[in-house]
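> let me see the structure of the following:
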Amino acid sequence: MRVGLTTSETPVREDRGSGTLLSLASALARTDSVEDVALAVRDVMHADLGASFVSVSLVDGPWLLTPALGQLDDDTEQRWLRLPLDLDTPAHRVARAGRRLVFDSLASLVAMFPHGRDAFERARLRSGVVLPMTISDGYRIGSVTFAWDVDRTLTEDEVVLVTAVTDATAQAARRAQLYRERRDVAHTLQAAMLPELPALPGLAVASRYLPWSTTDEQVGGDWYDAISPPDDGVLLVIGDVAGHDTEAAARMGRVRSMFRALAVDRPEEPPAALVSRLDHVLSALGDETLATLIVARLDPPGPTRRLWWTTAGHPPPVLVDAAGRSTVLVAEPDLPLGVAPGRPRHDHDIPWPPGATLVLYTDGLVERRGRDVGDGIVVLRAALERTHTEDVETLLGELVTEHVANSEDDCAVLAVRDVSATR
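So this is what the prediction gives:
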């Protein structure tokens, strides 16, 4: 029989409830995933109410997902991670029907779910409550289970408290779901924007892209591309659209798509003419994107092979010859895209050294807080000279590992190497 509360006991119970909710609010404020939310609720309920088992189950289409929380053996928790929503377990029934389920003994629980005895005994469920998680307008997103390993009846105050805990859990879990969905969309968007590099005769091409974002969306405005014209040369481009978010990624996608169309339409055009046309199209369409970029064209193989490039406010490429000597392709840069579309642009060219490697990059590779970009380029040259004998994939892997660890900007790198002499 439940014992009533005396007047002197009431403040103690209220203080405990307030303390539990404060502890939970503090723990949930530090969460950004459903798993983190479930762990925070488990820890608070273990500590404050002595619960022996806590689980958070979320509806995901036809499934009910229950993160593993280290309370049962691994095999059981792995099986419970993803189960069909139409199963008849306490968590499933409450998630579907939206009505709380209370039990004060193992016998009463087994009476409701005769086929669940083994699972209940493994989880040490002898008494407890399963509550629906609902958000605005009564929308159900799952259920929360609080259980104890002894027979007991929850007091009215405890029911009020676990209900409040469940409400807070529902809001935090939904926030985590939305955050994950937004991040997944951003990742999908970014992946769709990155090109598949073509196979080029006599050339090895490699790339790296490491987005940086304060929101962990992991998208940004850096981009690169490699296009194979009909003449067996190659057109390379790398650019940086201002911003570190999905809007920047969307703008980047438009710029990249426009450039590809222009380059395929007139494959014979020199780099400066392509960039001028791109700037004109963006202006004519009212697109106010501000971006820097470099376009480089490598002639087809031959004794007079040359490299041509134009710079629109972008850091200069680095060329490393077969002996490991690096050269920064410094030229007076033209203005970035979106600044003065009618301003003339200029091409630059040099002879292409057999066996050379050309590296294009965005400023996230060389720029650091408190360090001049020129000093960053010096460090980049030293790294390229040291690793020039590595294949381009390995070279870029070492390059971004060394230079991006402390970066606060997106970083894209594109490299092409002449391997015709080694074949």
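> now Gly202: how far from Thr304?
Distance, Gly202 to Thr304, by Cβ to Cβ, to the nearest Å: 16 Å. In this view, the C-beta of every residue, glycine as well, is placed from N, C-alpha and C.
> let me fix that, I meant to ask about Leu161.
Leu161 is 82 Å from Thr304, by Cβ to Cβ.
> please identify which of the two sits among more neighbours.
Ranked by neighbour count (other Cβ atoms under 10 Å), Leu161 and Thr304 place Leu161 first, with 23 against 7.
> packing partners of the strand or helix carrying that one?
Counting by DSSP states H and E, the element that carries Leu161 is helix 156-193. Judged by 3 or more Cβ pairs under 8 Å, 6 or more residues apart in numbering; DSSP states H and E, helix 156-193 is in contact with helix 9-28, helix 34-49, strand 53-60, strand 127-134, strand 140-148, helix 246-265.
> mind giving me the domain split of the protein?
Dividing the chain into domains by automatic domain parsing, as the record does, gives the ranges 9-183, 194-422.
> distance to Asp409 added to the helices and strands packed on helix 156-193, as JSON lines?
Shown next, in JSON lines, are these (distance: least, Cβ to Cβ, whole Å):
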{"stretch": "helix 9-28", "distance to Asp409": "32"}
{"stretch": "helix 34-49", "distance to Asp409": "28"}
{"stretch": "strand 53-60", "distance to Asp409": "35"}
{"stretch": "strand 127-134", "distance to Asp409": "39"}
{"stretch": "strand 140-148", "distance to Asp409": "37"}
{"stretch": "helix 246-265", "distance to Asp409": "12"}
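> redo the ones you listed as CSV? Include distance to Asp240 and mean pLDDT.
Below are the helices and strands packed on helix 156-193 laid out as CSV (distance: least, Cβ to Cβ, whole Å; pLDDT from 0 to 100):
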stretch, distance to Asp240, mean pLDDT
helix 9-28, 37, 72
helix 34-49, 33, 93
strand 53-60, 37, 95
strand 127-134, 43, 95
strand 140-148, 40, 95
helix 246-265, 9, 86
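> Ala356 is nearest to which of those?
Taking Cβ to Cβ, helix 246-265 is the member of these nearest to Ala356, at 22.6 Å.
> so after the closest one, what's the next helix or strand?
Following helix 246-265 in sequence, per DSSP H and E, is helix 271-284.
> now do that next one: distance to the chain's middle.
Relative to its parent chain, helix 271-284 has a centroid offset of 32 Å by Cα atoms, centre = their mean, to the nearest Å.
> cool, stretch 376-390 as well?
Taking mean C-alpha positions (Cα atoms, centre = their mean), stretch 376-390 and its chain are 29 Å apart.
> what does stretch 299-311 give?
Here stretch 299-311 is found 37 Å from its chain centre; the criterion is Cα atoms, centre = their mean.
> for the closest residue to Ala206 other than its chain neighbours, give me its contacts.
Leaving aside its sequence neighbours, Ala206 sits nearest to Val392 (Cβ to Cβ, 6 or more residues apart in numbering; 4.1 Å). Contact analysis of Val392 by Cβ atoms under 8 Å, 6 or more residues apart in numbering lists 204-206, 357, 415-417.
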